[in-house]
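Coordinates for the following, if possible.
(one chain, ligands or ions: 2)
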Amino acid sequence: MIKKLAPSILSADFARLGEEVNEVLEAGADIIHFDVMDNHYVPVLTFGPKICSDLRSFGVKAPIDVHLMAKPVDNLIEAFGSAGADYITFHPEASDHIDRSLRLIRQVGCKAGLVFNPGTSFDCLEYLIDQVDMILIMSVNPGYGGQEFISTTYKKIGDAKELITRLGKEVAIEVDGGINLANVADISSAGADIFVAGSAIFDSENYAETIAEFKTRLGG
Ligand code: DX5
Ligand code: ZN
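Ligands and ions are numbered 1, 2, ... in the order given. Here you go, the predicted structure:
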């Protein structure tokens, strides 16, 4: 699978969000990652579906990847589906009916995925593999940008790769949290396909140079 870079707007300047998104896309970013937090599932509040529809009206055409750190999820799935999202992922702990929530994501026309916290196993995937297009492996505990990459994630990516191969499905593996220029090549070698980076990009001096370096290290 082609390696893709997904800057998280969590670390962008919200006062200039449209320009920030255009800047990282012009620099070569592939997907825009939304970290939606509700101050309930995680103790932080970020933004809702209007940001998605406004960025679409602003002219953003790139895929928008919505990571729901919220509970419950079904109403947000419907709202982000209508607002122009392409991918929607949620934490299995945040839905009372995981299979139904995954099917709802596809019903609203988006690709569906589950998000696995550092302490969460992939057990439910055994029964849900036909309902997922991607999985998101958290390499930090959800809620904050700028955290340290949790090193057990390398093994977890390998375990996910093995499980997906055994289940015989084409499922993209996305990794989120603490990704930077120093570790991205190793995360890629471990088997990841999509790389979420927030602070490593938006806290850098020059987005274009940083993204170009990410792509080089991803063999792009
Ligand atoms: C955690 C968020 C962060 C964010 C990336 O809930 O999901 O992982 O996307 O943040 P950085 O790249 O700054 O660790
Ligand atoms: Zn995220």
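
any idea of the mean pLDDT for the longest helix seen in the chain?
Counting by DSSP state H, the longest helix found in the chain is helix 153-167. Taken as a whole, helix 153-167 has a mean pLDDT of 97.

Tell me the first helix or strand C-terminal of it.
Remark: after helix 153-167, the chain's next helix or strand is strand 172-176, criterion DSSP states H and E.

near ligand 2 at all, that following strand?
Yes - using C-beta under 5 Å from the ion, strand 172-176 reaches ligand 2 at D176. Any C-beta I mention is one placed from the backbone N, CA and C, and that applies to glycine too.

Buried residues, the very next helix or strand once past that strand. List them.
Using DSSP H and E, the helix or strand that follows strand 172-176 towards the C-terminus is helix 184-190. The neighbour-count criterion (16 or more other C-beta atoms under 10 Å) identifies V184, I187, S188, A190 as the buried residues of helix 184-190.

Stretch 69-85 now?
Buried residues in stretch 69-85 (16+ other C-beta under 10 Å): 69-73, 76-81, 83-85.

interface residues of this structure facing ligand 1?
For the chain, the residues in contact with ligand 1 (C-beta under 6 Å from any ligand atom) are 8, 10-11, 35, 67, 69, 140, 142-147, 176-179, 196-200.

about what we covered before: what is the nearest of the buried residues of stretch 69-85 to ligand 2?
Lowest distance from ligand 2 to the buried residues of stretch 69-85 (C-beta to the ion) belongs to M69, with 7.2 Å.

Name whatever forms a beta bridge with that closest one.
Per DSSP bridges, the residues bridged to M69 are M37.

per-residue pLDDT, it?
Reported pLDDT for M69: 98.

Report the contact partners of it.
By C-beta atoms under 8 Å, 6 or more residues apart in numbering, the contact set of M69 is D35, V36, M37, D38, Y41, V42, V44, H91, A94, V115, P142, G143.

and the gap between the first one and G178?
The reference is to D35. Separation of D35 from G178 (C-beta to C-beta, to the nearest Å): 13 Å.

Give me the secondary structure label for the one residue in the chain that gets nearest to ligand 2.
Proximity to ligand 2, evaluated over the chain using C-beta to the ion, is greatest for H67 at 3.6 Å. The local conformation at H67, judged by DSSP: H, G, I helix; E, B strand; the rest coil, is strand.

Going forward, count from 264.
Noted, 264 is the first residue going forward, which turns the last one into H330.

pretty sure H303 belongs to a helix, no?
No - counting by three-state DSSP, one finds H303 to be coil, located in no helix.

which element is the closest residue to it other than its chain neighbours on?
Take H303 and drop its neighbours on the chain: the residue closest to it by C-beta to C-beta, 6 or more residues apart in numbering is K334, 5.7 Å away. Here K334, judged by DSSP H and E, is contained in no helix and no strand.

K334 is in contact with M300, isn't it?
No - the criterion here is C-beta atoms under 8 Å, and K334 misses it with M300 at 10.7 Å.
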